[in-house]
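1. Here is my input, please return the structure:
(2 chains)
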Protein chains: 2
Amino acid sequence: MIHVIQNIYPKLLLYSYMTKDALLETAKRIAPFIHRTPVLSSTQINKIAKTNIFFKCENFQKMGAFKMRGAANAIMNLSAQQKQNGVVTHSSGNFAQAVSLSAQMSGIKAYIVMPSTAPLVKQEAVLGYGGEITICPPTIEERELAANKIVSETGATFLHPSNDLDVILGNATSSMELLEEQNDLDYVLTPVGGGGLVAGTALAVQHFGNGCKTIGGEPFEVDDAFRSLESGKIEFNETTDTIADGLRTNLGDINFPIIQKHVEQIIRVTEYEIIAAMRLIWERLKIIVEPSCAVPFAAVLKETAKFQDKKIGIIISGGNVDLGKLPF
Amino acid sequence: MIHVIQNIYPKLLLYSYMTKDALLETAKRIAPFIHRTPVLSSTQINKIAKTNIFFKCENFQKMGAFKMRGAANAIMNLSAQQKQNGVVTHSSGNFAQAVSLSAQMSGIKAYIVMPSTAPLVKQEAVLGYGGEITICPPTIEERELAANKIVSETGATFLHPSNDLDVILGNATSSMELLEEQNDLDYVLTPVGGGGLVAGTALAVQHFGNGCKTIGGEPFEVDDAFRSLESGKIEFNETTDTIADGLRTNLGDINFPIIQKHVEQIIRVTEYEIIAAMRLIWERLKIIVEPSCAVPFAAVLKETAKFQDKKIGIIISGGNVDLGKLPF
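-> Residues are numbered from 1 along each chain as shown, chains lettered A, B, ... in the order given. Reported below is the predicted structural model:
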């Protein structure tokens, strides 16, 4: 019951749970709740990027994003008592849908706090997966307040989208599958938002890679992770003016030490580079990806000398895009 | 050498070549030139359509469309002498790319006649696959004139995109793969443009289906195939005002008899229904498909009573879309 230990034991002890066995058990645990997603390549893209890229397509994951893996693992790890009381999270995006669907599949309740500004289509998606929505004013304080209120009234367990060890372990399973299929990768790249995906990826790469390294991609506009690695403490963003709307959040005290220890580098890219990379994926791979997914690919296109003729895995984190608001 | 016989023997004899063995040989012949494309399903789409749909994703085919199958087969079936002189076609779309790439892979020359109105991006794609472009005025007469001139000057063999038995047999292999994976389909649906895909599909369904039937989808705006089946002769379109730009062409004397004999029905859909169906595929399957591909899916969404709780294959014919000109 990692989830319980997390609240009792000091942080250092936590890391003893990030073993190879813990990852293998996680993969087994969540298998009935997730799709094993395909890995795609494109001769044309490899020609353009002068390297060999294996795209791990979490946009084809249930509910359309890798978040399903972490949410499913966190919910599976609840005690019987915790399950009875349900779960709560505040999110306007993919994690809300992932928690709702995982809870529905486990037959437990999901309380989702959403800001009043959340698009109707996202509210409908949560309702479609059986989530119970509470609307609150659109500030982070109000969201936390509303979530805390639900916790104290219902006894539901709060789930954090990225700063939670179970979520991180669940996220790691995507790269485990990728490395199982392609065990000679030199690098695995992911976008960096709240840090849950890059931290999970780094754990998988450490245990299952062969001399493989983990690299994060981040927009210049929200380069908190880049600055955090430089300063050695968690930094925050003053603006969130990026098209990569999944990457506006900050690192947390659980994932940051993992990132510090196991992530080689964070490469920053411009908004223009993100949009061009996204378009290239749409046009050549014929798949719908979120702007956030294009960030690590943009990093590969930017640092051609570093990546030339290497074998590179990229986690395509999700495909939930508002088709009415495309940048091209 | 079906290709040669086609020019000598009466048409009825041709059909003796459309045997199960001919299809199996075709599949074997073109295997090194094509991808075996994936079959995708979506729980959400099945819920909405109240049926079970298996999407055969030719948008992931080499050069992005099923046309690769027919072009590869036609080129493989040329004699050594014909190969030496190369091939010629006139097309501004997917067939031009398919012929160029197939010719390049076979080490032979491809002369592509394109109208002066063909978008630069399509010209670049043809050049990228090694095709030699001749630009002509944008009328069908000028296109045929330019192609005939190349034939008489170079001895190259003219390839028709849809009214060619080798092309039809090549196209059939997509449904053969689909039926191999899912052998209990009640229907296979395809879009209907020049008739080469629906004719090939009907042959595959006849030989490899179990009580399965072939149905075509067509826009009301270019319903020549629907009217041809009603009147018993090849009808033409007076307008071509549809978003499904791959479906503006007419049936031919080789594919029409096959369609008459083996296609159960052609279902017509409105432009609005095409766009809505296309959006649903993009949003739920997370794949990029051409408007033409959405036509048979729109037909399934329209005739819910007919298709309820059935098992349905849909050939997603291609994914080459101009992202700058999306209808949403």
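
2. For chain A, just list every one of the strands.
-> Using DSSP state E, the strands of chain A run over residues A:39-40, A:52-57, A:87-90, A:110-115, A:132-136, A:157-158, A:187-191, A:213-219, A:263-269, A:311-316.

3. for A:Ser116, what are its contacts?
-> A:135-138 (Cβ atoms under 8 Å, 6 or more residues apart in numbering or on different chains). Using the backbone N, CA and C atoms, a C-beta is placed for each residue, glycine as well.

4. On the pLDDT front, check it for me.
-> Looking at A:Ser116, its pLDDT is 90.

5. Dihedrals phi and psi, it?
-> Main-chain dihedrals, A:Ser116, degrees, to the nearest 10: phi -60, psi -20.

6. Distance of it relative to B:Leu189?
-> Distance, A:Ser116 to B:Leu189, by Cβ to Cβ, to the nearest Å: 43 Å.

7. helices and strands of chain A: which one bottoms out on pLDDT?
-> When the helices and strands of chain A are compared on mean pLDDT, DSSP states H and E, helix A:2-8 comes out lowest with a mean of 43.

8. most tightly surrounded among the strands of chain A?
-> Greatest average neighbour count among the strands of chain A goes to strand A:187-191 (a mean of 28), per mean count of other Cβ atoms under 10 Å in any protein chain shown.

9. Could you spell out the sheet neighbours of that one, each with its direction?
-> strand A:213-219 (parallel), strand A:311-316 (parallel) (DSSP bridges).

10. what residues does the last one touch?
-> Around strand A:311-316, the neighbours that count as contacts under Cβ under 8 Å, 6+ apart are A:51-59, A:66, A:174-175, A:178-179, A:182, A:184-191, A:197, A:201, A:281, A:287, A:289, A:293, A:296-297, A:300.

11. quick one: stretch A:159-177 near chain B?
-> No - judged by Cβ under 8 Å from any Cβ of the partner chain, stretch A:159-177 makes no contact with chain B; its nearest approach is 15.5 Å.

12. mind saving the C-alpha coords of that stretch as PDB?
-> Taking Å, rounded to 0.1, in the frame of the first residue of the first chain, the C-alpha atoms of stretch A:159-177 are listed here in PDB:
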ATOM      1  CA  LEU A 159      -5.400  12.400  -6.000                       C
ATOM      2  CA  HIS A 160      -2.700  14.800  -7.300                       C
ATOM      3  CA  PRO A 161      -2.200  14.600 -11.100                       C
ATOM      4  CA  SER A 162       1.600  14.600 -11.000                       C
ATOM      5  CA  ASN A 163       3.100  14.800  -7.500                       C
ATOM      6  CA  ASP A 164       2.000  11.400  -6.300                       C
ATOM      7  CA  LEU A 165       4.200   8.300  -6.300                       C
ATOM      8  CA  ASP A 166       1.500   5.900  -7.500                       C
ATOM      9  CA  VAL A 167       0.700   8.300 -10.400                       C
ATOM     10  CA  ILE A 168       4.400   8.400 -11.200                       C
ATOM     11  CA  LEU A 169       4.800   4.600 -11.200                       C
ATOM     12  CA  GLY A 170       1.700   4.300 -13.400                       C
ATOM     13  CA  ASN A 171       3.100   6.800 -15.900                       C
ATOM     14  CA  ALA A 172       6.400   4.800 -16.000                       C
ATOM     15  CA  THR A 173       4.600   1.900 -17.600                       C
ATOM     16  CA  SER A 174       4.400   3.700 -21.000                       C
ATOM     17  CA  SER A 175       8.200   3.800 -21.300                       C
ATOM     18  CA  MET A 176       8.400   0.200 -20.000                       C
ATOM     19  CA  GLU A 177       6.300  -1.000 -22.900                       C
END
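
13. any idea how far it is from the chain center?
-> Put simply, stretch A:159-177 sits 7 Å off its chain's centre (Cα atoms, centre = their mean, to the nearest Å).

14. What of stretch A:228-245?
-> With Cα atoms, centre = their mean as the basis, stretch A:228-245 stands 16 Å off its chain's centre.

15. Which positions in that stretch come out as buried?
-> Using 16 or more other Cβ atoms under 10 Å in any protein chain shown as the test for burial, stretch A:228-245 gives A:228-229, A:234-235, A:237, A:242-245.
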